[in-house]
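A.B. asks: following is a predicted model, sequence given first.
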Amino acid sequence: MLLGCIGDDFTGSSDLGNTLTRRGMRCVQYVGVPEGPATADVEAGIVALKSRSVPVAEAVRQSLAALDWLRAQGCRQFLFKYCSTFDSTPEGNIGPVAEALANALGARRVLVCPAFPATGRSVYQGHLFVGDRLLSESGMEAHPLTPMTDPDLRRWLSRQVGGTVGHVPFADVAAGADAVRARMRTEDAAGHRLLVADAIRDADLEVLGRATAGLPLVTGGSGIALGLPGVFRDAGLLADTAGAWSGQSGPAAILSGSCSRATRAQVARHAETDPAREVHADDVMAGRISPAELAEWARTQEGVPLIYTSADPDAVRAAQDRHGRAAVAGAIEALFAETARALVAAGVTRLVTAGGETSGAVVEGLSLDRLEIGPEIDPGVPMMRAGADLVLALKSGNFGSPDFFAKAVRMMEAA
Ligand SMILES: Nc1ncnc2c1ncn2[C@@H]1O[C@H](COP(=O)(O)OP(=O)(O)OP(=O)(O)O)[C@@H](O)[C@H]1O
Ligand SMILES: O=C(O)[C@@H](O)C(=O)CO
């Protein structure tokens, strides 16, 4: 294993797997820290954690355990993957995890770059944009768990870490890898370890990736991985053999706990043509709804059934005020995990989930341990094989075209 990656959620990890696979690395996503050694054919291993929204100390503990395992597999470089919308609170977990990994690896000059141009995320002057809006005006300011109210990544990250935060401005990125390396040395000399880097195009991310050659730790969204396979390839380290992929026949179902704008539009689109069952937070909290009943409903539908709690920000806020943010999120995630188990037990072979936390709960609920990354459905979302009879797509909340659900189940079907 050459590149050891730690993802702070499951959809984000599959987004990273998509990038690395498309750039020719043989990549496997592990569900949590594996028990035994990896197989010898894996060039990039991603340990997917559910650490984005857990308490800081727990996120650090899990991430260091993942790092230990990846080091034991012989990795030469490590990547900490977080969300392209920098999902975190003023306490963490991005900053504390990045610092802990840097401490463990003795790493300096650690890039921080969530840019993902294919999905509209860019970093300029240290500020994160979603399309033409600042992060804090993109809808992310109303996220149920990590409301992003400050688009200045340097300022937001500074609140999370013990050290100071530096910057690699766009002028250096545009000037190429040597200029980036020079800027990183200057920032290091000024005492900054975590360095927010500007990037607005894939070409900028390629430059940043190349500039990190030989550095132990890189952090960012999946875009920061664009340039890394090329460095390994130039060193003659990649086998460059594509893995085989085949789809899966059988029933499909969709579970959506994401409340993002993109997902709500996808839910509305799917409901125009296929059966869609809304589950209300109050019913979940009161125990008025059971996974067995939802799975039975899904089994008896014509078309591809969608079960969703996705709701607009006012409804989410009201549910959180009534029940508590963590309690309602936990109860909904537990419901989706059990419903997924019931669906698969009832014969579902193609499962689409929307939302990072939701997908994490589902994958853990299904006790999956290893996901083979397949072809891309939409930017940032690959199909994945979870075993002989199960193919998954874990969609990040903000990703995917409006018809994503129908497109995903169609693409996941065996040819
Ligand atoms: N109706 C609802 N009311 C309150 N909370 C909800 C509701 N529906 C879902 N949630 C919770 O909101 C959270 C949504 O997070 P999730 O990560 O699944 O989606 P997302 O944030 O849109 O996706 P991503 O992290 O990939 O961007 C989950 O914890 C979920 O349980
Ligand atoms: O980077 C992203 O936006 C996604 O991979 C993700 O992490 C959302 O959960």
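C.D. replies: On my side now, so go ahead. Numbers count the residues shown, from 1 in each chain. Ligands and ions are numbered 1, 2, ... in the order given.
A.B. asks: can you list the residues of the stretch 151-300 of the chain near ligand 2?
C.D. replies: By CB under 6 Å from any ligand atom, the residues of the stretch 151-300 of the chain that approach ligand 2 are 221-222. Using the backbone N, CA and C atoms, a C-beta is placed for each residue, glycine as well.
A.B. asks: just the helices in the stretch 151-300 of the chain please.
C.D. replies: 153-160, 170-175, 177-189, 202-211, 228-234, 261-273, 281-285, 291-299 (DSSP state H, counting those that start in this stretch).
A.B. asks: tell me the angle of the fourth one relative to helix 177-189?
C.D. replies: When axes from the mean of the first three to the mean of the last three CA atoms, to 10 degrees is applied, the directions of helix 202-211 and helix 177-189 differ by 60 degrees.
A.B. asks: elements contacting helix 202-211?
C.D. replies: strand 110-113, helix 170-175, helix 177-189, helix 228-234 (3 or more CB pairs under 8 Å, 6 or more residues apart in numbering; DSSP states H and E).
A.B. asks: now the second one
C.D. replies: Secondary-structure packing of helix 170-175 (3+ CB pairs under 8 Å, 6+ apart): helix 177-189, helix 202-211.
A.B. asks: show me how the protein divides into domains.
C.D. replies: 3-234, 252-412 (automatic domain parsing).
A.B. asks: pLDDT on the last one, on average?
C.D. replies: Predicted confidence along domain 252-412 averages 96 (mean pLDDT).
A.B. asks: returning to what we had before: which among the helices and strands packed on helix 170-175 is found nearest to T300?
C.D. replies: helix 202-211 (45.3 Å; CB to CB).
A.B. asks: quick one: mean pLDDT over that closest one.
C.D. replies: For helix 202-211, the per-residue pLDDT averages 97.
A.B. asks: tell me how far that helix lies from the chain's centre.
C.D. replies: Centre-to-centre, helix 202-211 and its host chain are 20 Å apart (CA atoms, centre = their mean, to the nearest Å).
A.B. asks: now it: buried residues?
C.D. replies: Residues of helix 202-211 classed as buried by neighbour count (16 or more other CB atoms under 10 Å): 204-211.
A.B. asks: now swap in stretch 135-144 and tell me
C.D. replies: 135-136, 138-140, 142-144.
A.B. asks: wait, which of these is closest to L64?
C.D. replies: Closest to L64, out of all of the buried residues of stretch 135-144 and judged by CB to CB, is H143, at 26.3 Å.
A.B. asks: gap between the residue nearest to R299 when sequence neighbours are not counted and ligand 1?
C.D. replies: The shortest distance from R299 to any non-neighbouring residue, by CB to CB, 6 or more residues apart in numbering, is to A346 (5.4 Å). A346 sits at a distance of 23 Å from ligand 1 (criterion: CB to the nearest ligand atom, to the nearest Å).
A.B. asks: what do you get for R370?
C.D. replies: From R370 to ligand 1 the distance is 21 Å (CB to the nearest ligand atom).
A.B. asks: perfect, I'm done here.
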